[in-house]
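A.B. asks: Whatever this is, show me its structure:
(one chain, ligands or ions: 1)
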Amino acid sequence: MTKITFIEHNGTEHPVDAEDGAILMRVGQANFIPTIRGECGGTCSCGSCHVYVDPEWLPKLKPPHELEQMMIDSLELVKRDNSRLTCMILVTPELDGMVLRLLNPDI
Ligand code: FES
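C.D. replies: Numbering: from 1, shown residues only. Just a heads-up that it's a prediction; the model follows:
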């Protein structure tokens, strides 16, 4: 199991134990993480699984592929350099301790 912490915009922390090999978006849904809605079912076409990855964890992730980057770029109001889509991230032991920050749902 890999420990991952989702943090809401108001500071509320949601530490979860994620199975290695799981899709991070599914982990978020299974743990009722607010703002991880996954409306397209993980086909990288909705942006509703967006998170901000704490910068020190970015090198541990494979860079976003073209489709993910296009989807992130379309989220003009919220995208940042550390934006990622959780449906495109597989949990691996290297991610143990990773911190992800969630969108403000009021934006
Ligand atoms: S679940 Fe739709 S883009 Fe990730």
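
A.B. asks: Residue 20: neighbour count?
C.D. replies: Per other Cβ atoms under 10 Å, the neighbour tally for residue 20 reads 13. Every C-beta, even on glycine, is put in place using the N, C-alpha and C of the backbone.

A.B. asks: give the contact list for it.
C.D. replies: 1-2, 91-93 (Cβ atoms under 8 Å, 6 or more residues apart in numbering).

A.B. asks: do residue 36 as well
C.D. replies: Residue 36 sits next to 6, 25, 28-29, 48-49, 51, 86, 102 when contact means Cβ under 8 Å, 6+ apart.

A.B. asks: And for residue 86, the neighbour number?
C.D. replies: As a burial measure, residue 86 scores 25 neighbours (other Cβ under 10 Å).

A.B. asks: So in terms of bridging, what pairs with residue 4?
C.D. replies: Counting by DSSP bridges, residue 4 forms beta bridges with residue 16, residue 98.

A.B. asks: Adding pLDDT, write the contacts of residue 20 out as JSON lines.
C.D. replies: Converted to JSON lines, the contacts of residue 20 look like this (pLDDT from 0 to 100):
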{"residue": "1", "pLDDT": "93"}
{"residue": "2", "pLDDT": "98"}
{"residue": "91", "pLDDT": "98"}
{"residue": "92", "pLDDT": "97"}
{"residue": "93", "pLDDT": "97"}
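
A.B. asks: Which of the contacts of residue 36 ranks first by neighbour count?
C.D. replies: Neighbour tally across the contacts of residue 36 (other Cβ under 10 Å): the maximum, 28 neighbours, falls on residue 49.

A.B. asks: where's it relative to the ligand, distance?
C.D. replies: Using Cβ to the nearest ligand atom, to the nearest Å, residue 49 is found at 3 Å from the ligand.
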